[in-house]
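Peer 1: Sequence and predicted structure below; questions after.
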Amino acid sequence: MSSRARSAITPLAGVPPRLRHAVFALIALVALSNAIGTALSPYLVVEHPLLLVAISPEGRHVVLATPSVAPVLLVAVGTLRRLLGIVAGFGLGFLYGEAAVRWAEQRAPRFSRFILFLERMFERFGLYLLFVVPLPSIGVLAGAARTRLPWVVLAGAAGQVVWMTLTVQFGEAVSGWTRPVLAFLSRHVVEATIVAVVLVGLQQLVAYQKRKAATVSDRG
C-alpha cells in the first residue's frame, strides 16, 4: 500500500456534511484558542486569569491562576473548556472510525506504541479509561468505537473535575513559588507577552512547514 493510501482518510458513509463541518469547526476552535491563550498568557494570567483558563486550560495556566481565582470557578471553567477538546476528539473518531486512529499513528510515529497501548486499554476498560485519563485522544477512541456521546461527556466531565481539582490543589500548594513569578510578569507584562507571541508564532510556523512537507510527501 502506498504512503498516500495509508495517509488518506475519508469520512465514513452516512455522515451528514453539516456534522462534519461542525466537528472540524470545533477542532479548529479548540486549537486556535489554545494557541491564542498561550501567546497572550503573560498578559492574561496577570489581568484576566480566569479568561486564560477558559481559552487555554493548560495545567501551568491553571496553577498560575490559582492564587487569584476562586477554586470552584477554576474547576468549573477548566472542566467545561477541557471537555470541548474531548468532544472534538470524539467527533473526529466518529467521523473517520478506526482510520482516524491509524492516521494519528502515521502522523506521530514516535507515539504509535502509546496509541496502540491506549487502544488496548480502551478495549479493556472502555469509558472507565476516559474517566481516569480524560484526554482528547481517548475521545477519538470512544468516537471510533461508536460510544454514545452522553456517556462520553459524563465520563470526561467527571474525570476532568477530578484532575482540575488536583491541579488547583497543587497550585495552592506551590503558590509561594508562583506568586513571585506573577509579580515578575506583572512588572514586565508587555515584554513577556511579546516574547510569548513570537515563540508561539515560530512554533506554529514550524508545525505548518511540517504539515506542508507531509502533504507533499503523501502526494508523491
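Peer 2: That came in fine, so what should we check first?

Peer 1: Next, name the residue at the spatial heart of this structure.
Peer 2: Centroid-nearest residue in the chain: G85, 5.1 Å away (criterion: C-alpha atoms, centre = their mean).

Peer 1: That residue is in contact with V140, isn't it?
Peer 2: No: with contact defined as C-beta atoms under 8 Å, G85 does not count as touching V140 (10.6 Å). (Each C-beta comes from the backbone N, C-alpha and C, glycine too.)

Peer 1: rewinding a little: which neighbouring elements make contact with the host helix or strand of the residue nearest to the centre of the chain?
Peer 2: G85 belongs to helix 71-96 when elements are defined using DSSP states H and E. For helix 71-96, the packing partners by 3 or more C-beta pairs under 8 Å, 6 or more residues apart in numbering; DSSP states H and E come out as helix 17-39, helix 49-55, helix 59-65, helix 98-107, helix 136-144, helix 149-173.

Peer 1: Just name the most buried of those helices.
Peer 2: Highest mean neighbour count of the helices and strands packed on helix 71-96: helix 136-144, a mean of 25 (counted as mean count of other C-beta atoms under 10 Å).

Peer 1: Compute the inter-axis angle for it and helix 71-96.
Peer 2: Going by axes from the mean of the first three to the mean of the last three C-alpha atoms, to 10 degrees, helix 136-144 is angled at 40 degrees with respect to helix 71-96.

Peer 1: quick one: helix 136-144 to chain centroid distance?
Peer 2: The chain centre lies 12 Å from the centre of helix 136-144; the measure is C-alpha atoms, centre = their mean, to the nearest Å.

Peer 1: Report the rounded mean pLDDT for it.
Peer 2: Model confidence over helix 136-144 averages 91 on the pLDDT scale.
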